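Engineer: with the sequence up front, the predicted model follows.
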Amino acid sequence: MSFPFTRAQGLRLSFAFIKLARMSAPNQVSSEAEVRRVVLASFIGTTIEWYDFFLYGTATALVFNQLFFPTVEPSLATMASFGTYAVGFFARPVGGIVFGHFGDKLGRKSMLVTTLALMGVATFLIGLLPTYHTAGVAAPLLLVLLRFIQGFGVGGEWGGAVLMAVEHGSGEKRGYHASWVQAGVPVGLLLANAVFFAVSSSMSEESFLSWGWRVPFLLGILLLAVGAFIRLNISESPVFREEKAPAPVPILETLRAHPKNVLLAMGARFAENAFFYIFTVMVLSYGTKQLGLDQSVFLRAVMAGSAVQLIAIPWFGALSDRVGRKPVYLGGAMFLILFALPFFQLVDTKSPALVMLAVVIGLLGHSAMYGPQAAFFSELFGTRVRYTGASLGYQLASPLAGGLAPLIAARLLKDSGGSPTPVAIYLILMGLITVISVLLTEETHRKSLR
C-alpha cells in the first residue's frame with residue numbers, strides 16, 4: 001500500500017495541524033472568556049444598582065415614615081412613605097425610553113456606565129438628606145427628587161445589562177446567560193437587607209433613627225466605583241456592532257412595528273412585579289406594624305429568600321433554554337396565584353420559621369418567571385429597537401404593578417381592618433393578567449437575534 005505523501009511530509013503536516021490548533025484555541029477561549037466577563041460585569045453592575053434601589057424600599061418600610069412624615073397619623077404616614085417609593089417606579093419608564101433611545105443608536109455599553117453613575121450618586125445623596133425635623137417640607141420633596149433619579153437610572157440600566165448578556169452569548173444558552181443579570185436583583189436585595197440588618201442590630205433604635213440609617217446609603221458610593229471600573233472594561237455588543245441601520249427614532253419604530261409585544265411584555269410583568277414587592281417590601285411593614293413582630297424576623301426572611309433566588313433564577317433561565325420560555329414562565333405565575341392566600345396564612349402565624357418559609361417559597365415561585373424573563377423580552381424585538389422595546393415592556397409595567405403594589409396593599413389593609421385577604425385577591429388578579437398575556441405571546445427561545 002502506498003501513501004500520497006512521505007513520512008517526513010506526514011510529520012510536517014501533523015505539526016502544522018497542531019500549530020493551527022494552538023493558534024485557533026486561544027480565540028475560542030477568548031470568545032468564551034469574553035462572554036463570561038460580560039455576564040459577570042452585567043451581574044455585578046445590576047447587583048449594585050439594585051442594592052441602591054432596594055435600600056430605599058427597606059428604609060421606606062422601616063424608617064422613612066418616622067423621619068420624613070412624623071406629623072402624619074401612622075397609617076397615613078406609611079402610605080405617604082410608600083407613595084415616595086412609588087415615584088421611582090413612575091420614573092423607570094422615562095429612563096427606559098431615554099436610555100433605550102441612545103442605547104439603540106449609540107450602543108449598550110456607554111448607557112450602562114451612565115445609569116450606574118446616576119444610581120450611585122442619588123443613593124449617596126439620600127444618605128446626606130436632612131429629615132423633616134431639620135428641613136421641614138423640603139426634606140420629603142428632596143427625597144422624592146432623588147427617588148425619581150434612582151428610578152430614572154434603573155429604568156435605563158435593565159435593558160442595557162440584559163442585552164449585553166443576551167447579545168454576547170450563544171443562542172443555546174441565551175436564557176441562562178441573561179438570567180445571571182436577573183440574579184443580580186436578589187443579590188442586591190440580599191446585600192441591602194444585610195447591610196440594614198447589620199447596622200440596625202449594632203446600635204440602639206434611637207441611634208439608628210438619628211444617623212445609623214444613613215450608613216447603608218453612603219456605602220453606595222464605594223460600590224459605584226467598583227461597578228464603574230468593571231463595566232468600563234467590557235466590549236460593546238457584537239450584535240449591535242453588526243447592525244448597519246439603527247432606527248432614527250427607536251420608540252416610534254417600536255410602537256409602530258411591535259405594539260402587541262410591548263403590551264404583552266407589560267402584562268407578563270404584572271404578577272412577577274406585584275408579588276415580588278409584596279413579598280419583599282410590603283411584608284416588612286405588615287409584619288412589624290400589623291403583627292408586632294421584630295423587623296429582624298422579616299429582614300432574615302427576605303435575605304434567605306434572596307439567597308435561594310441566586311440559585312433558582314439561573315436554574316429556571318437554563319430550563320427555559322431547554323423547554324421554552326412560556327412553560328417556565330406560566331408555571332411560576334400559576335404557582336404564585338395558588339400561593340397568594342397561603343403566603344399570608346403562614347405569615348399570620350407570627351412564627352419566625354414559618355414567616356421565613358413563606359417568603360422563601362414565594363420568591364422561589366417568583367424565580368420561575370424572573371429567570372427566563374430577560375431573554376424572553378429581548379427576543380420579542382429586533383436589534384434596531386431591542387433596547388427600547390425590551391425596556392418599554394419591562395418598565396411600563398413597573399409603576400402599575402410593583403410601584404403601586406405596596407401602596408395598594410397598605411390601603412386594602414387599612415380598609416379591611418388589617419385583614420390580608422383583599423391583598424391576596426389583588427395579587428391573584430395580577431397573576432391572571434400575566435397568565436393571559438404569556439399565553440398570547442409567541443415562543444421565542446429558538447429565535448435568532450440576527
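Structural biologist: Thanks, I have it. Residues are numbered from 1 along each chain as shown.

Engineer: what's near enough to touch I436?
Structural biologist: If you count contacts by C-beta atoms under 8 Å, 6 or more residues apart in numbering, I436 has them with G267. The C-beta positions use only the backbone N, C-alpha and C, and glycine is treated the same way.

Engineer: least confident secondary structure element in this structure?
Structural biologist: In the chain, the helix or strand scored least confidently by mean pLDDT, DSSP states H and E is helix 7-59, which has a mean of 63.

Engineer: next helix or strand past that helix?
Structural biologist: Next along the chain after helix 7-59, taking DSSP states H and E as the criterion, comes helix 65-68.

Engineer: tell me the mean pLDDT over stretch 286-293?
Structural biologist: What stretch 286-293 shows for mean pLDDT is 87.

Engineer: can you give me the buried ones in that stretch?
Structural biologist: For stretch 286-293, the neighbour count (16 or more other C-beta atoms under 10 Å) marks 286-291, 293 as buried.

Engineer: got the CA coordinates for that stretch in PDB?
Structural biologist: Extracted in PDB, the C-alpha atoms of stretch 286-293 (Å, rounded to 0.1, in the frame of the first residue of the first chain):
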ATOM      1  CA  TYR A 286     -47.200  44.500  57.600                       C
ATOM      2  CA  GLY A 287     -45.200  42.200  59.800                       C
ATOM      3  CA  THR A 288     -43.800  45.000  62.100                       C
ATOM      4  CA  LYS A 289     -46.800  47.300  62.300                       C
ATOM      5  CA  GLN A 290     -49.700  44.900  61.900                       C
ATOM      6  CA  LEU A 291     -48.400  41.800  63.600                       C
ATOM      7  CA  GLY A 292     -46.000  43.400  66.000                       C
ATOM      8  CA  LEU A 293     -43.000  41.300  65.100                       C
END
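
Engineer: which residues are contacting that stretch?
Structural biologist: By C-beta under 8 Å, 6+ apart, stretch 286-293 touches 61-62, 74, 78, 294-295, 297-298, 347-348, 350, 352, 355, 409, 413, 418, 420.

Engineer: swap in 10 Å and give it another go.
Structural biologist: By C-beta atoms under 10 Å, 6 or more residues apart in numbering, the residues outside stretch 286-293 that reach it are 61-62, 65, 74-75, 78, 278, 283-284, 294-299, 301, 344, 347-352, 355, 359, 406, 409-410, 413, 418-420, 423.

Engineer: and what of stretch 443-450?
Structural biologist: For stretch 443-450, the surrounding residues in contact (C-beta under 10 Å, 6+ apart) are 163, 166-167, 169, 171-172, 174-175, 237-239, 242-243, 261, 320-328, 372, 375-383, 386.

Engineer: filter those down to the buried ones and hand me the ChimeraX line.
Structural biologist: Burial among those is assessed by 16+ other C-beta under 10 Å; the matching ChimeraX selection reads:
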select :163,166,167,169,171,174,175,237,239,261,320,321,324,325,326,327,328,372,375,376,377,378,379,380,381,383,386
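
Engineer: in helices, which of the contacts of stretch 443-450 fall?
Structural biologist: Mapping the contacts of stretch 443-450 onto helices (DSSP state H) picks out 163, 166-167, 174-175, 238-239, 242, 261, 320-323, 325-328, 372, 375-378, 386.

Engineer: what pLDDT does A374 get?
Structural biologist: Looking at A374, its pLDDT is 93.

Engineer: do you know how far the nearest residue to it once chain neighbours are set aside is from V166?
Structural biologist: Closest residue in space to A374, ignoring its immediate chain neighbours: A178 at 3.7 Å, by C-beta to C-beta, 6 or more residues apart in numbering. With distances taken as C-beta to C-beta, to the nearest Å, A178 is found 5 Å from V166.

Engineer: what touches both of these two?
Structural biologist: 39, 42, 374-375, 377-379.

Engineer: relative to I251, which of these is nearest.
Structural biologist: Nearest to I251 among these: F377, at 15.9 Å, using C-beta to C-beta.

Engineer: does that closest one touch A178 like I think?
Structural biologist: Yes. Look at F377 against A178 with C-beta atoms under 10 Å: they come within range, at 9.2 Å.

Engineer: identify the contacts common to these two.
Structural biologist: Common neighbours of F377 and A178, using C-beta under 10 Å, 6+ apart, are 162, 166.

Engineer: checking the residue minimising distance to the centre of the chain next. Helix, strand or coil?
Structural biologist: Residue closest to the mean C-alpha point of the chain, counted by C-alpha atoms, centre = their mean, is V185 at 4.3 Å. Put simply, V185 is helix when judged by DSSP: H, G, I helix; E, B strand; the rest coil.

Engineer: residue contacts, it?
Structural biologist: V185 is in contact with 43, 46-47, 49-51, 53-54, 158, 276, 306, 309-310, 313, 370, counting by C-beta under 10 Å, 6+ apart.

Engineer: again with T383
Structural biologist: T383 makes contact with 104, 163, 167, 237, 239-240, 242-243, 245-247, 449-450, according to C-beta under 10 Å, 6+ apart.

Engineer: ok, now how distant is it from E172?
Structural biologist: 19 Å.

Engineer: how confident was the prediction at H445?
Structural biologist: On pLDDT, H445 comes in at 85.

Engineer: tell me the secondary structure at it.
Structural biologist: Following three-state DSSP, the label given to H445 is coil.

Engineer: dihedrals phi and psi, it?
Structural biologist: Note on H445: its backbone torsions stand at phi -70, psi -10 [degrees, to the nearest 10].

Engineer: what's the answer for I234, then?
Structural biologist: Dihedral angles for I234 - degrees, to the nearest 10 - are phi -120, psi 160.

Engineer: what about the helices in the stretch 351-450 of the chain?
Structural biologist: Assigned by DSSP state H, counting those that start in this stretch, the helices in the stretch 351-450 of the chain fall at 352-378, 386-398, 405-415, 421-440.

Engineer: give the buried residues for the second one.
Structural biologist: Read that as helix 386-398. 386-398.

Engineer: and if you look at the longest one?
Structural biologist: Buried positions in helix 352-378, judged by neighbour count with 16+ other C-beta under 10 Å: 355-378.

Engineer: surely L429 touches F275?
Structural biologist: No. In this structure, L429 is not within contact of F275 by C-beta under 10 Å, at 11.6 Å.

Engineer: circling back to that earlier point, got the helices of the stretch 351-450 of the chain as CSV, with distance to L224 columns?
Structural biologist: Listed next are the helices of the stretch 351-450 of the chain as CSV, based on distance: least, C-beta to C-beta, whole Å:
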stretch, distance to L224
helix 352-378, 23
helix 386-398, 22
helix 405-415, 26
helix 421-440, 33
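
Engineer: what strand or helix carries G153?
Structural biologist: Using DSSP H and E, G153 maps to helix 138-168.

Engineer: what angle do that helix and helix 352-378 make?
Structural biologist: Counting by axes from the mean of the first three to the mean of the last three C-alpha atoms, to 10 degrees, helix 138-168 points 60 degrees away from the direction of helix 352-378.
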